[in-house]
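Chemist: Below is the structure, and that's it, no one-letter string:
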């Protein structure tokens, strides 16, 4: 009679063995023990009374600071109501003026000068951070931004010089 390797009872329909021979020569990996971080204090499984210090240590008893809502201009409101009582009607609100996009006399700040100012701001920031001991943290970032701004200056300069070249022949013909 042939015996089955399925268990002590043998034969079909018997229970499978609880342990099994490994199928490879590799050692089975053991599960790593879990490291539990105790960053917060855990409450016990049974409910217990908490001490007064424990209760007051949280933010449960702190009051929120009063934040006033936006206030109305009381003088303006007084004038409006006086006008209503005196004349019987509200003051007409001034209509918004049509502001043209081209304001003419106001000088537009030169983009070249703006970029130069931005470069100086970044250099000043880097000097401040170096003085505070954080220069290494910002050194690469700020120098990259400065090199981008210098590239932008070069593009602006090329555009200006091309514009001047186109204007120069026009002046020679006149």
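Modeler: On my side now, so go ahead. Model, not experiment: these values are computed from the prediction. Numbers count the residues shown, from 1 in each chain.

Chemist: Which residues belonging to the host helix or strand of residue 157 are considered buried?
Modeler: Using DSSP states H and E, residue 157 sits within helix 135-173. Buried positions in helix 135-173, judged by neighbour count with 16 or more other C-beta atoms under 10 Å: 138, 142, 145-146, 149, 152-153. Every C-beta, even on glycine, is put in place using the N, C-alpha and C of the backbone.

Chemist: Of the residues you listed, which is the nearest to residue 52?
Modeler: Closest approach between the buried residues of helix 135-173 and residue 52, by C-beta to C-beta: residue 138, at 47.1 Å.

Chemist: re earlier: tabulate the buried residues of helix 135-173 (a markdown table), appending pLDDT.
Modeler: What follows is the buried residues of helix 135-173, written out as a markdown table (pLDDT from 0 to 100):
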| residue | pLDDT |
| --- | --- |
| 138 | 90 |
| 142 | 93 |
| 145 | 94 |
| 146 | 94 |
| 149 | 93 |
| 152 | 92 |
| 153 | 91 |
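
Chemist: Between all of those residues, which two are at the greatest distance?
Modeler: 138 and 153 (21.5 Å).

Chemist: which residues of this protein fall in strands?
Modeler: Ranges of strands within the chain: none, based on DSSP state E.

Chemist: in it, which spans are helices?
Modeler: With DSSP state H as the criterion, the chain has helices at 52-56, 74-87, 111-131, 135-173.

Chemist: Now tabulate these in a markdown table and tack on distance to residue 63.
Modeler: Putting those into a markdown table (distance: least, C-beta to C-beta, whole Å) gives the following:
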| stretch | distance to residue 63 |
| --- | --- |
| helix 52-56 | 13 |
| helix 74-87 | 28 |
| helix 111-131 | 38 |
| helix 135-173 | 38 |
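
Chemist: what's the least confident helix or strand in the chain by mean pLDDT in contact with?
Modeler: None of the helices or strands of the chain scores lower by mean pLDDT, DSSP states H and E than helix 52-56, at a mean of 80. The set of residues external to helix 52-56 that reach it, using C-beta atoms under 8 Å, 6 or more residues apart in numbering, is residue 61.

Chemist: Can you give me the buried ones in it?
Modeler: So, applying 16+ other C-beta under 10 Å, helix 52-56 has no buried residues.

Chemist: What's the end-to-end length of stretch 128-140?
Modeler: 15 Å (C-alpha to C-alpha, to the nearest Å).
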